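S.K.: Okay, sequence plus prediction incoming.
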Amino acid sequence: MTFYLYGNILTFYGVAANNRGENQGNISTLQKLLWKGETHTKISAEAIRWAIRYYWQKAGYQVNRVWDDEVNDYTWQDPKFNPLDFIDDDLLGFFEAESAKKEPENAPNKSQSENVNNEPQPENAKLENTNQSKSKKKLPKKLKPKGSVTHRKGRLDVTRAISLLPYDGNVTFNAKSGTKTRTSIYGTEFHATRYQFGLGITPESCQDKSRVLALLDALVSICRVGGNHGRFLFDFAPESIVLRWTSDFTPRFLYCFEEDEMDNICTPELLRQIRSGDLEPTEFWISGKIAENLQGSEYSKVNQFSGIKAMVDALKQKIACDLQFCLLDQTNRGEN
């Protein structure tokens with residue numbers, strides 16, 4: 001039996017601002033999309049993956065792409081990649097395309113084999129050239145040099161993070177100090193909201209299936225989702241989290257969080273599916289603020305925890321049992 005881990009995470013409430021280092025004129029903009037008929041802000045999956053890798057680096061796991069805050073760039077441990085040794089190469093994948101090598105400039109060409117001076121040739125020479133040209137036509141065409149691609153599909157799939165509330169168009173303006181120019185006044189779009197995002201992974205497709213535990217640790221302590229362009233602190237750690245450990249190939253509950261008229265966080269569609277029997281309650285591990293709303297006998301089989309860290313620790317035990325590896329040995333794997 002193959003097991004899958006799916007998750008939907010809701011962040012704490014905060015003020016989000018420029019997370020990608022791009023501007024429109026003098027305005028630092030947020031990424032936006034039309035979601036359920038209204039404009040919402042979003043954060044890319046790559047920014048989330050960057051933060052997960054950064055956590056692994058700081059936690060002492062062996063990562064191939066080590067971020068250097070001083071030079072604001074990566075340092076590669078192994079340019080050829082190694083998913084067996086490096087957790088980021090294994091779970092996040094890699095892709096490198098190398099262009100085709102050019103032929104030497106002094107390689108012989110057609111013009112060099114022809115009579116450049118157009119001097120008259122004897123009949124036997126013409127006949128010999130004709131026979132040579134016929135024999136050349138029979139030779140296979142020379143293949144053009146091709147580039148090479150080194151890649152591994154990431155075992156971890158991450159959705160874009162979407163704001164729980166619609167964007168109301170807030171912009172703050174400021175001016176730089178010193179001599180003023182036409183670019184001295186600048187603005188920054190900001191959005192007071194929570195974000196939700198989903199993920200999925202098949203641990204048994206990884207080089208080391210126990211690395212799913214390191215992923216759970218990263219989700220609990222995720223930070224700096226703005227990536228290397230992040231200038232504003234936003235708490236991306238989970239306020240509420242829904243995880244599903246299942247043999248079902250499909251998650252079926254992504255983007256399940258909503259906010260009602262009373263500003264309460266709820267998951268009406270998820271609870272409807274559990275009540276109807278479409279989703280098995282024992283497969284769900286729910287924790288954080290949302291766990292307070294799970295009342296009633298129909299949710300008694302759901303694994304509910306008030307503390308997120310306690311829930312993750314219990315789920316680790318379940319995963320280690322199902323995948324048959326020792327939890328104690330794998331918890332400290334990769335740490336220095």
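M.R.: Right, received. Where do you want to start?
S.K.: show me the contacts for the residue lying closest to M1 once chain neighbours are set aside.
M.R.: In this structure, M1 finds its nearest non-sequential neighbour in S247, 5.3 Å apart by Cβ to Cβ, 6 or more residues apart in numbering. (C-beta placed from N, C-alpha, C; glycine too.) Contact analysis of S247 by Cβ atoms under 8 Å, 6 or more residues apart in numbering lists M1, T2, F3, Y4.
S.K.: Can you tell me which of the residues you listed are buried?
M.R.: Buried members of the contacts of S247, counted by 16 or more other Cβ atoms under 10 Å: F3, Y4.
S.K.: any idea how far the closest residue to V158 other than its chain neighbours lies from D157?
M.R.: Among residues not flanking V158 along the chain, A45 sits closest, at 4.2 Å (Cβ to Cβ, 6+ apart). A45 is 8 Å from D157, where distance means Cβ to Cβ, to the nearest Å.
S.K.: Distance of the residue nearest to M1 relative to T202?
M.R.: Distance of S247 to T202, given as Cβ to Cβ: 11 Å.
S.K.: which neighbours do the two share?
M.R.: Contacts common to S247 and T202, judged by Cβ under 8 Å, 6+ apart, are T2, F3, Y4.
S.K.: so what's the last one up against?
M.R.: Listed by Cβ under 8 Å, 6+ apart, the contact partners of Y4 are G200, I201, T202, R244, W245, T246, S247, D248, F249, P251.
S.K.: cool, and the first one?
M.R.: Residues near T2 by Cβ under 8 Å, 6+ apart: T202, E204, S247.
S.K.: and it, what helix or strand is that in?
M.R.: Using DSSP states H and E, T2 sits in no helix or strand.
S.K.: follow-up on the earlier one: are any of the contacts of Y4 buried, and which?
M.R.: Buried among those (16+ other Cβ under 10 Å): G200, I201, T202, R244, W245, T246, P251.
S.K.: Among these, which pair sits farthest apart?
M.R.: Greatest spatial distance among the buried ones among the contacts of Y4 (Cβ to Cβ): T202 and R244, at 13.0 Å.
S.K.: Low-confidence regions, the protein specifically.
M.R.: 18-25, 98-144, 147-149, 183, 226-231, 297, 328-336 (pLDDT under 70).
S.K.: how about the helices in it?
M.R.: 45-59, 87-91, 110-113, 123-138, 212-220, 268-276, 308-323, 327-331 (DSSP state H).
S.K.: just to revisit the earlier point, arrange the shared contacts of S247 and T202 in CSV, one row each, with distance to I27 as further columns.
M.R.: Converted to CSV, those look like this (distance: Cβ to Cβ, whole Å):
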residue, distance to I27
T2, 47
F3, 46
Y4, 42
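S.K.: Now do D90: how many residues are near it, please.
M.R.: For D90, the count of nearby residues is 24 (other Cβ atoms under 10 Å).
S.K.: now do F95
M.R.: When neighbours are counted by other Cβ under 10 Å, F95 registers 11.
S.K.: Report the separation between it and E283.
M.R.: Taking Cβ to Cβ, one finds F95 at 33 Å from E283.
S.K.: before we move on, what about F257?
M.R.: In terms of Cβ to Cβ, F257 sits 18 Å off from E283.
S.K.: Which one of these two is surrounded by more residues?
M.R.: F257 (24 against 18).
S.K.: Quick check, the more buried one in contact with T267.
M.R.: Yes. At 6.0 Å, F257 counts as touching T267 under the criterion of Cβ atoms under 8 Å.
S.K.: Which residues are in contact with each of these two?
M.R.: I290.
S.K.: Please list the outside residues in contact with stretch 288-306.
M.R.: 10, 238-242, 257, 264-267, 271, 274-275, 281-282, 284-287, 308, 311, 314-315.
S.K.: try 7 Å this time
M.R.: 238-241, 265-267, 274-275, 281-282, 284-287, 308, 311, 314 (Cβ atoms under 7 Å, 6 or more residues apart in numbering).
S.K.: From the residues you listed, keep the buried residues only.
M.R.: For these, buried by 16+ other Cβ under 10 Å: 238-241, 265, 267, 274, 281, 284-287, 308, 311.
S.K.: State whether V63 and W56 are indeed in contact, as I suppose.
M.R.: Yes. Distance between V63 and W56: 5.3 Å, which falls inside the contact criterion (Cβ atoms under 7 Å).
S.K.: From T179, how far off is W56?
M.R.: According to Cβ to Cβ, W56 and T179 sit 44 Å apart.
S.K.: neighbour count winner among these two?
M.R.: Shown here are W56 and T179; by other Cβ under 10 Å, W56 has more neighbours (23 against 6).
S.K.: got the contact list for the more buried one?
M.R.: Counting by Cβ under 7 Å, 6+ apart, W56 has contacts V63, I87, D88, A214, A218.
S.K.: List buried members of these by neighbour count.
M.R.: V63, I87, D88, A214, A218.
S.K.: could I get those residues as CSV with distance to P79?
M.R.: Output for the buried ones among the contacts of W56, formatted as CSV (distance: Cβ to Cβ, whole Å):
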residue, distance to P79
V63, 14
I87, 17
D88, 14
A214, 23
A218, 24
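S.K.: what sits against the nearest residue to Y13 once chain neighbours are set aside?
M.R.: In space, and not counting its chain neighbours, Y13 is closest to R194: 5.2 Å by Cβ to Cβ, 6+ apart. Going by Cβ under 7 Å, 6+ apart, R194 touches L10, T11, F12, Y13, L164, E239.
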